[in-house]
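*Asks:* the amino acid sequence is not available; the structure is as follows:
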């Protein structure tokens, strides 16, 4: 990859976060960065558990399985849709706790409490900032909370780059042996080869063609291209079976160039998204349940709310679809978009210990934020109409 563009990306991320560029490492996708971190953790500390949530994408749990660790699911807090520190159980076998900023919601106070609980048993605090690239949860003194923070430039994230990720390793990580291992492994990753690079370059065109073809043709063609590694989907079939599509890789020069070109526009993108969030809060706040940690200045990748029940959520989704609005089903079902064997992931649907999470999953709807204010008002009007 281009050393100039890579240095540009790490420098921009460091400027945004008040960190050192030397502590940032680029990966092809955020999930591969997470895999490297968890594999190093398993190798240095032995088998154990990673506490995470089922209100997430399957690709956020696949790295746990690939690293040979066991996912354990905690309840999420309705105010942030992240692991609830008040209901977090950890123990001697806990190797890491995942702090996920779902939809880009950063609840700093809860993050601090979660980190304290994790560190009380020596667990790594692994921040999932896939939905808010370039943002770190911080404590009251302004210091980053996480030991390691993973960021995404991927499909349907903040920037239209579709590929690329970054991992920040906290220089204050107390386990120096683990930190040295992380720095070595992330820095030594091979660069994506020609076939992976080609798939990244042609992703947008291939997706456009596949979505226009009849389903009986598009499905088999998509599968054929994926097996030949000529198409790299947002979620590959193997990633719904507990695996990952590639070994950990650094991004190709082309992907890094896209990251370097788009990152300077992140602030403008965040401003636009925050304006859409403000509209949704104003127009819908009296009608639906919105996570309490969402404020009018929240720059979210999508705006989540919870309808009164699953039927109401479906009415909204149907109305939005008829109105030409792409409304997200993130994260319904659990381990989105639904895994082939929940038991493989250590998840039992209907588990009473996850009653809060599953109730939220049944009712969740999320609205686009990459729209202008007028479009956001139109979307909100469709929601209000659907809910009567």
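*Replies:* Cool, got the structure. Because the structure is predicted, anything quoted here is derived from the model rather than measured.

*Asks:* residue contacts, the residue nearest to the spatial centre of the chain?
*Replies:* With distances taken as Cα atoms, centre = their mean, residue 130 lies nearest the centre of the chain, 3.6 Å away. By Cβ atoms under 8 Å, 6 or more residues apart in numbering, the residues touching residue 130 are 30, 60, 100, 101, 150, 151, 152, 154, 157, 165. Bear in mind the C-beta positions are built from the backbone N, C-alpha and C, glycine included.

*Asks:* what does residue 121 give?
*Replies:* With Cβ under 8 Å, 6+ apart, residue 121 has these contacts: 90, 91, 92, 94.

*Asks:* could you do residue 95 as well?
*Replies:* 38, 41, 42, 45, 48, 49, 50, 69, 123, 124.

*Asks:* grab the nearest non-local neighbour of it.
*Replies:* Leaving aside its sequence neighbours, residue 95 sits nearest to residue 48 (Cβ to Cβ, 6 or more residues apart in numbering; 3.9 Å).

*Asks:* and for residue 338?
*Replies:* residue 240 (7.2 Å).

*Asks:* can you pull the pLDDT of that neighbour?
*Replies:* The confidence metric pLDDT takes the value 97 at residue 240.

*Asks:* state the distance from it to residue 340.
*Replies:* 5 Å (Cβ to Cβ, to the nearest Å).

*Asks:* just the strands in the stretch 1-150 of the chain please.
*Replies:* Assigned by DSSP state E, counting those that start in this stretch, the strands in the stretch 1-150 of the chain fall at 24-27, 49-52, 70-73, 76-77, 82-83, 94-100, 124-129, 148-152.

*Asks:* same check on the stretch 201-350 of the chain?
*Replies:* 302-306.

*Asks:* what about the helices in it?
*Replies:* Along the stretch 201-350 of the chain, counting by DSSP state H, counting those that start in this stretch, helices occupy 215-227, 253-262, 266-284, 310-322.

*Asks:* now do the first one, average pLDDT.
*Replies:* Predicted confidence along helix 215-227 averages 86 (mean pLDDT).

*Asks:* swap in the shortest one?
*Replies:* Averaged across helix 253-262, the pLDDT comes to 96.

*Asks:* neighbour count: residue 240 and residue 340, which is higher?
*Replies:* Neighbour count, other Cβ atoms under 10 Å: between residue 240 and residue 340, residue 240 has more, with 20 against 12.

*Asks:* gap between that one and residue 10?
*Replies:* Taking Cβ to Cβ, one finds residue 240 at 32 Å from residue 10.

*Asks:* relative to residue 347, how far out is residue 219?
*Replies:* Residue 219 is 27 Å from residue 347, where distance means Cβ to Cβ.

*Asks:* follow-up on the earlier one: out of the helices of the stretch 201-350 of the chain, which is closest to residue 110?
*Replies:* Of all those, helix 266-284 sits nearest to residue 110, with 19.3 Å by Cβ to Cβ.
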